[in-house]
Every structure is written in C-alpha cells, then in structure tokens.
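1. Kindly return the folded structure for what I paste below:
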Amino acid sequence: RQVHTQTFPLAARERWFYDQLTEYLREGYGVAGIGQKKTTSRQRAVGFVMATFQKMMSSSPRAIRQALRRRLLVLLAREQMGLERKVQKTRPAGLAEKILKLQEEMRELAIEIASIPCSPEQTAEADAYIAKVKQRLARKGYIGEETTSWALDAEEEAEDVIYAEAVIPNEPQKVRELIKVAPEGPDRKFDTLIRGIEQVRRLSPEEKMVIFTQYRETLEFLRQELSKLYGEEKVATIKGGPLDDKIAAMEAFWEPNG
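-> Sure thing, here's the model as predicted:
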C-alpha cells in the first residue's frame with residue numbers, strides 16, 4: 001500500500017459556506033456546554049448534532065446540504081405536531097394557517113430531499129414522505145423499510161443526528177439560511193479526486209478503482225458526477241439495501257469490460 005495525501009484549497013463559495021456553518025456550530029457548541037465540567041443529556045445531544053454536521057461538511061456539499069434539509073424538515077414536523085395537539089385541545093385562532101404554512105414548506109423540502117419529479121402525484125408523494133418522518137417522531141424505535149442491513153456506522157450516526165432532540169435557539173431559521181448558501185455541484189475536493197483518477201489512468205488506462213466514502217448522499221453525488229465524466233455504465237455502487245443489488249454491482253466490477 002502506497003499512501004499519497006492530496007491537499008486542496010476551498011473555493012470562495014465553499015469558504016463562505018464553511019464560515020457560516022462554523023458560526024452556527026460555534027453557537028451550538030455554546031448551548032452544548034462544551035468546556036463545562038458537567039453537561040445535561042440535552043446539551044450532549046446538541047454537541048452530537050454539531051460534530052456530525054462538521055463531518056458531513058467535510059464529506060461533500062451534497063451530504064451537508066441534504067442533511068440540513070432533512071434536519072429542517074424534522075424541526076418543522078415536530079413544530080407542526082405540537083401545533084396540531086394544541087388545535088385538538090383549544091382551537092386557538094390562527095393556528096390552522098400556521099399548520100398549513102408549515103405543510104407547504106415541508107412539501108418543498110421533501111421534494112428536494114427525495115428528488116420527487118414534477119407530476120400530478122408530486123404533492124401526494126411529498127405528503128407521504130412527510131408522514132413517514134412524523135411517524136418516526138411519534139413512534140419510539142421506528143423501523144424503516146425491510147432490506148438487508150449493511151449500514152456504515154457513519155450512516156447510522158447521520159440518521160440519528162437528523163432526529164436528535166437538540167434545542168438550539170432559533171434553529172429552524174438558522175438552518176434555512178445555511179441551506180440558501182450551501183454550494184451545489186462539484187467542489188474542490190471532487191476536482192482533486194478527478195486529478196488523482198486521471199494520474200492513475202495515464203499510467204494504466206484500463207485500471208479499475210474503488211472509492212470509499214462515509215455518507216450515502218456523498219456516494220450519490222460521486223455516482224452522478226463520475227457518470228457525467230466516464231459514463232453511467234462505468235460506475236457501480238455498493239450500499240445498504242437488497243443483497244441482489246450488491247451482488248450485481250460486484251459482478252459488474254469484475255467483468256473485464258465492466
């Protein structure tokens with residue numbers, strides 16, 4: 001094994017987003033009681049959210065952007081569920097409008113998160129996605145779709161952080177603002193990866209490569225961007241899900257022209 005470390009500078013927009021996220025994290029760490037001798041379980045939950053977001057940010061723009069969208073959706077769903085309980089008890093004026101407004105914002109987030117295509121069924125699909133999120137919030141120990149379990153620790157950690165009951169002051173608005181400035185498309189890290197791939201290809205044009213990454217969203221980002229450069233038929237992915245999919249990906253990799 002020969003190890004070569006590649007370094008790269010952040011682009012201007014990446015640096016701007018990094019600074020904005022760092023400010024959000026800094027405030028979160030203050031709420032988390034970092035540096036205090038004793039912290040509460042709620043403070044530790046905040047610290048967990050902050051540390052995981054830092055790791056996602058270093059993985060890919062898509063990973064942190066999707067994590068922030070999902071985090072905001074959970075925060076809004078939790079708020080809406082609280083308002084719905086109030087409506088059932090007292091029916092105060094104005095709450096129904098707030099609930100509808102939250103639903104509209106959550107639909108927009110669900111469409112982005114799940115890449116729901118524009119169609120007559122789009123709203124229904126978005127509402128179904130939101131319903132699953134609310135079901136998970138309402139039910140402790142919720143189990144998702146039954147597939148073969150092959151999740152990385154980081155992926156489980158990412159899922160936990162999205163649903164963490166961390167109380168950060170005015171968090172929904174802060175997350176909204178971060179989503180607005182989050183960079184999209186390839187970043188400098190991806191450019192550096194491509195340079196490394198091309199260096200290998202110059203020496204051995206038929207060489208095959210395995211790229212490891214921690215987060216599912218980063219895997220999807222790499223699949224999309226590498227497919228644009230090298231063709232969809234040249235990229236196979238292995239992730240959690242049906243065993244047959246993993247076997248098919250492995251066989252495609254070992255094919256002489258796969």
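2. what's the pLDDT at Ala164?
-> Ala164 is assigned a pLDDT of 75 by the prediction.
3. next one: Val167
-> 67.
4. Disregarding residues adjacent in the polypeptide, which is nearest to Glu251?
-> Gly258 (7.7 Å; CB to CB, 6 or more residues apart in numbering). No exception for glycine: its C-beta is placed from N, CA and C like everyone else's.
5. Pretty sure that neighbour sits against Ala249.
-> No: applying CB atoms under 8 Å, one finds Gly258 not in contact with Ala249, separated by 9.8 Å.
6. which neighbours do these two share?
-> Listed contacts common to Gly258 and Ala249 are Ala236; contacts here mean CB atoms under 8 Å, 6 or more residues apart in numbering.
7. For the residue nearest to Glu251, grab the count of nearby residues.
-> Neighbour count of Gly258, defined by other CB atoms under 10 Å: 13.
8. do the same with Tyr215
-> Neighbours of Tyr215 (other CB under 10 Å): 23.
9. Give the closest residue to it in space, chain neighbours not counted.
-> Tyr215 sits nearest to Ala63 (CB to CB, 6+ apart), 4.5 Å away.
10. same check, this time on Arg65
-> Distances taken as CB to CB, 6+ apart place Ala182 nearest to Arg65, at 4.2 Å, with adjacent residues excluded.
11. which residues sit in contact with the one you found?
-> So Ala182 contacts Phe17, Pro61, Ile64, Arg65, Leu68 (CB under 8 Å, 6+ apart).
12. now the farthest one out in the chain, which residue is it?
-> Largest separation from the mean C-alpha position in the chain: Thr90, at 37.0 Å (CA atoms, centre = their mean).
13. Check the gap between Lys89 and Lys101 for me.
-> As defined by CB to CB, to the nearest Å, Lys89 lies at a distance of 20 Å from Lys101.
14. Low-confidence regions, the stretch 151-258 of the chain specifically.
-> Low-confidence segments of the stretch 151-258 of the chain (pLDDT under 70): 151-157, 166-167.
15. What are the structural domain limits within the chain?
-> Structurally, the chain divides into domains by the TED database as follows: 12-181, 188-254.
16. For Gln2, which of the ones you listed is the nearest?
-> domain 188-254 (11.6 Å; CB to CB).
17. how about the residue nearest in space to the middle of the chain, what does it touch?
-> Per CA atoms, centre = their mean, the C-alpha nearest to the average position across the chain is that of Ala67, at 3.0 Å. By CB under 8 Å, 6+ apart, Ala67 lies in contact with Thr52, Phe53, Met56, Ala158, Val161, Ile162, Glu217.
18. Would you list the buried entries among these?
-> Among the contacts of Ala67, those buried by neighbour count (16 or more other CB atoms under 10 Å) are Thr52, Phe53, Met56, Ala158, Val161, Ile162, Glu217.
19. residues touching the first one, list them.
-> Okay, so that is Thr52. Contacts of Thr52 (CB under 8 Å, 6+ apart): Ala67, Glu157, Ala158, Asp160, Val161.
20. Dihedrals phi and psi, the nearest residue to Lys189 once chain neighbours are set aside?
-> Spatially, and ignoring its direct neighbours in sequence, Lys189 is nearest to Phe8 (6.3 Å; CB to CB, 6+ apart). The phi/psi pair for Phe8 (degrees, to the nearest 10) reads phi -160, psi 150.
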